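Q: Predicted model follows, preceded by the sequence.
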Amino acid sequence: MSKDVNIDWSNLGFNYIKTDYRYISVWKDGKWDEGKLTEDNMLTISEASTALHYGQQCFEGLKAYRRKDGKIQLFRVDRNAKRMNDSNKKLLMPEVPVEKFIDACMQVVRANEHFVPPYGSGATLYLRPFMIGVGNNIGVKPAPEYIFSVFAVPVGPYFKEGLSPCNFMIADYDRAAPQGTGGQKVGGNYAASLHPHLIAAERGFADCIYLDPATHTKIEEVGAANFFGITKNNEFVTPVSPSILPSITKYSLMDIARDYLKMPVYERDVYVDNLDEFKEAGACGTAAVITPIGGIEYNNELHVFHSEKEVGPVIKELYRILCGIQFGDVEAPEGWIFEV
Ligand code: PLP
Ligand code: COI
């Protein structure tokens, strides 16, 4: 690390810290400019930007990991690039070429290298790519111009202390509509989650769990993370629905469960009145990594899986392999790791 920064790496939470450089590129007259790094963390945009009024924006989240040998690597950044383009298509925004997206992330990590936490601290450099519709516009229609930007923040765990179980409650609200934008990473889904999250937090839960918006019988998302369960038959099960965000961590865990732990893996409906089928359950995502689910409150009863205090053995093993791959200690499947 070239420059010294005064950060207590082992006590980082998930909070904004201004790092030195961010990448910014503008789409205008039908094309992207070259993009550049800037020290300015303020954006000046038209008051009539579609991102401000009509939610025409999307974002991504991924991490840079410091390995034992000091080198830095990204995890499946190509997947984030593709998922962002899926969001872009859905909201009639221009696509960002995958190579441009990856290059932007690489540039931001290199320029902020001294903010990548040391190996062993458990912390990482979180990257936040995003796209906003800007320019002068007042009717409900796509913006004339767009900004694609990537900034970086060193982070620790999203839900309290690393790998310790959290309790969740079933939300009375939906984050997305059945045929809406739940499967894309667009800001509106998160705006809709603020109120249910507040209710859960006020009641002492880490977050809420969303059921499928059409029938409210099946588990979809755990706050800003996907759900998975380990059945009593030792199968890895995770719900499938167009209103679930396709989590890159979840698809990685499915591969790890199948290929490293030799478990049967299923994407299928998970009924909230059949939680008894699971001996362990977890939430997974870039920010959440794997957060074991201690219990779920549903109809005023707390359904406890493995334990409210202890991590179950299968989740412990999934966590060890996932983090081992991300930090470069365990051999990764081909194409998962991008060295910076
Ligand atoms: N679900 C939601 C709603 C999210 O915001 C996230 C975070 O990105 C995830 C799931 C997990 O996705 P990923 O593993 O790609 O970070
Ligand atoms: C992520 O896991 O990257 C997320 O986007 C979760 C949340 C911070 C929105």
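A: Received, thanks. Ligands and ions are numbered 1, 2, ... in the order given.

Q: Got phi/psi on residue 12?
A: phi -70, psi 140 (degrees, to the nearest 10).

Q: From the structure, what's the count of residues near the residue of the stretch 51-200 of the chain at minimum distance from ligand 2?
A: Among all residues of the stretch 51-200 of the chain, residue 61 sits closest to ligand 2, at 2.2 Å; criterion: CB to the nearest ligand atom. Every C-beta, even on glycine, is put in place using the N, C-alpha and C of the backbone. Neighbour count for residue 61, taken as other CB atoms under 10 Å: 17.

Q: Near the nearest residue to it once chain neighbours are set aside, how many residues? Count them for me, please.
A: Closest residue in space to residue 61, ignoring its immediate chain neighbours: residue 286 at 4.7 Å, by CB to CB, 6 or more residues apart in numbering. Using other CB under 10 Å, residue 286 has 23 other residues around it.

Q: and the longest helix anywhere in the chain, what does it pack onto?
A: The longest helix of the chain (DSSP state H) is helix 187-202. Where contact means 3 or more CB pairs under 8 Å, 6 or more residues apart in numbering; DSSP states H and E, helix 187-202 is packed against strand 57-59, strand 207-211.

Q: Okay, buried residues for it please.
A: 187, 188, 189, 192, 193, 196, 197, 200 (16 or more other CB atoms under 10 Å).

Q: Tabulate the residues you listed (CSV), appending distance to residue 247.
A: As requested, the buried residues of helix 187-202 are exported to CSV (distance: CB to CB, whole Å):
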residue, distance to residue 247
187, 18
188, 18
189, 13
192, 18
193, 15
196, 19
197, 18
200, 20
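
Q: Give me the neighbour count for the residue in the stretch 101-250 of the chain that ligand 2 sits nearest to.
A: Per CB to the nearest ligand atom, residue 224 is where the stretch 101-250 of the chain lies closest to ligand 2, at 3.7 Å. Close neighbours of residue 224, defined as other CB under 10 Å, add up to 21.

Q: same check, this time on the one 4 residues further on
A: Under the neighbour criterion other CB under 10 Å, residue 228 is assigned a count of 30.

Q: what does the stretch 151-300 of the chain have sitting close to ligand 2?
A: For the stretch 151-300 of the chain, the residues in contact with ligand 2 under the definition CB under 6 Å from any ligand atom are 224, 285, 286, 287.

Q: Check whether the first one really touches residue 288, as I assumed.
A: The one in question is residue 224. Yes: with contact defined as CB atoms under 8 Å, residue 224 counts as touching residue 288 (7.2 Å).

Q: Between these two, which contacts overlap?
A: Common contact partners of residue 224 and residue 288 (CB atoms under 8 Å, 6 or more residues apart in numbering): residue 158.

Q: And residue 2, what's its pLDDT?
A: At residue 2, the pLDDT value in this model is 54.

Q: Could you count how many residues lie near residue 42?
A: The burial count for residue 42: 5, using other CB under 10 Å.
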